[in-house]
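Asks: Here's my sequence, what's the structure:
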Amino acid sequence: MKKNGAMENNFNIIKLITAIAVLFAHCDPILYGRNNQIDWLSRVSGDVGYVAVDIFFCISGYLVTKSIILRDSLSHYIFSRLLRIYPALIVMLVIVVFLMGPIVSSLPIDAYLTNTMTYNYFLKCIFIIKGMAYELPGVFSENPLHAVNGSLWSIHKEVVFYIILGCLWISWRLFIRKVGVDFGQVILVMMVLTAALLASTGIEPAWWAGSAHLMFIFLEGSALYLVFHQDRKLVFIMACLLSFILIGYFLSIDFAAYNLFLPLIVLSLAYWRPKFFSRISPKGDYSYGFYIYAFPVQQMVVLYFPEINYAEFFGASLCITMSLAFFSWHMVEKKFSNMKNNLLWKHGN
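Replies: Prediction:
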């Protein structure tokens with residue numbers, strides 16, 4: 001155990017393994033294209049990818065709720081979220097758009113740099129609340145997939161969920177708590193409502209079904225933090241049962257069980273401390289840097305080595321992305337994290 005309890009949980013190693021799982025899930029479509037996949041491998045990697053993204057959202061709901069509750073300040077919450085998401089994202093975008101892009105684009109450098117699509121991509125990926133852009137002019141145009149960074153869609157959804165959680169918290173702080181309702185109860189009600197929304201997609205499929213699923217996972221992670229810090233276990237069990245009935249009846253029992261038990265399993269593992277986990281847990285949080293660099297790295301590998309086999313592709317992508325994640329954490333994310341902690345500590349004192 002490290003000083004100040006910094007290593008009392010396994011979140012860093014779980015998130016890193018999950019980010020590697022996303023890289024694995026992207027190997028098949030990036031290497032072979034969506035219409036030329038290895039059937040069994042496509043199915044396995046696809047399932048692994050879906051579970052990995054769900055784990056990210058579950059952990060995110062838990063940790064950001066912990067942040068807003070412990071700080072008890074909306075300004076601190078917003079400041080913390082901005083410094084967690086944007087510094088590494090902006091550095092990655094500068095590298096990808098203005099260093100990698102001109103080198104690999106099929107267009108001449110001047111045509112690439114004067115193309116409005118280049119700057120539209122950069123700005124849309126920064127202002128991710130409005131949606132994402134996926135292609136740069138002439139970049140990866142010969143690859144099976146043309147997207148520059150297909151992973152960023154989840155960052156967009158995560159930011160939306162941050163905003164929803166912040167709105168719920170400030171509404172509770174200003175109005176709802178005056179009638180004797182605690183924040184944990186607010187989150188549990190939202191969790192059940194989201195389960196009802198998700199269940200309704202079984203009646204009439206909708207484009208927002210995936211968002212409702214991720215929101216439910218995010219809110220369950222949030223609820224798990226609040227339940228065990230506000231002693232609302234009975235209410236939590238009732239909310240879970242109601243959610244299980246809604247999702248199970250209108251969709252499937254298997255899917256309902258998956259939605260309810262995945263966050264419980266993940267967060268149980270996060271606080272399970274065998275010696276093995278203590279030995280392999282990284283000292284830094286490399287998962288975010290790994291996640292945002294993995295897709296463009298994989299595209300670059302395919303571009304320069306189009307005949308590479310699956311195992312070599314996975315190994316090469318893993319090594320290069322891990323190096324960039326190390327750079328991102330130590331040169332960007334850690335510095336802003338320390339700055340954030342110092343500023344919040346001074347403000348709190």
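Asks: quick one, helices of the stretch 51-200 of the chain?
Replies: Applying DSSP state H, counting those that start in this stretch to the stretch 51-200 of the chain gives helices spanning 74-94, 101-104, 109-113, 116-126, 153-174, 183-200.
Asks: Can you tell me which of those is most buried?
Replies: helix 183-200 (a mean of 21; mean count of other C-beta atoms under 10 Å). Quick note: C-beta positions are derived from backbone N, CA and C, even for glycine.
Asks: Tell me the helix or strand right after that helix.
Replies: Sequence order places helix 209-230 as the next helix or strand after helix 183-200, per DSSP states H and E.
Asks: May I see the helices of the stretch 51-200 of the chain organised as JSON lines, with distance to Met339 added?
Replies: Formatted as JSON lines, those follow (distance: least, C-beta to C-beta, whole Å):
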{"stretch": "helix 74-94", "distance to Met339": "7"}
{"stretch": "helix 101-104", "distance to Met339": "29"}
{"stretch": "helix 109-113", "distance to Met339": "32"}
{"stretch": "helix 116-126", "distance to Met339": "20"}
{"stretch": "helix 153-174", "distance to Met339": "20"}
{"stretch": "helix 183-200", "distance to Met339": "28"}
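Asks: Using CSV, lay out those together with distance to Asn9 and mean pLDDT.
Replies: Converted to CSV, these look like this (distance: least, C-beta to C-beta, whole Å; pLDDT from 0 to 100):
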stretch, distance to Asn9, mean pLDDT
helix 74-94, 17, 94
helix 101-104, 38, 96
helix 109-113, 44, 96
helix 116-126, 31, 95
helix 153-174, 20, 95
helix 183-200, 21, 92
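Asks: The stretch 201-349 of the chain: helices as residue ranges?
Replies: Counting by DSSP H, counting those that start in this stretch, the segments of the stretch 201-349 of the chain that form helices are 209-230, 233-250, 253-270, 275-280, 287-304, 310-328, 334-348.
Asks: Could you tell me the least trusted of the ones you listed?
Replies: The minimum mean pLDDT among the helices of the stretch 201-349 of the chain belongs to helix 275-280 (a mean of 68).
Asks: so who does the closest residue to Ile128 other than its chain neighbours touch?
Replies: Spatial nearest neighbour of Ile128, chain neighbours left out: His156 (4.5 Å); criterion: C-beta to C-beta, 6 or more residues apart in numbering. Taking C-beta atoms under 8 Å, 6 or more residues apart in numbering, we find His156 in contact with 128-129, 131-132.
Asks: Need the max-distance pair from those.
Replies: Farthest apart among the contacts of His156 by C-beta to C-beta are Ile129 and Met132. That separation is 10.2 Å.
Asks: nearest to Ser141, of the contacts of His156?
Replies: Met132 (18.8 Å).
Asks: okay but the closest one is in contact with Cys125, surely?
Replies: Yes. When contacts are counted by C-beta atoms under 8 Å, Met132 is listed as touching Cys125 (6.4 Å).
Asks: so what's in contact with these two at the same time?
Replies: Leu152.
Asks: just to revisit the earlier point, quick one, which of Ile129 and Met132 is more surrounded?
Replies: More crowded of Ile129 and Met132, by other C-beta atoms under 10 Å: Met132, with 19 against 10.
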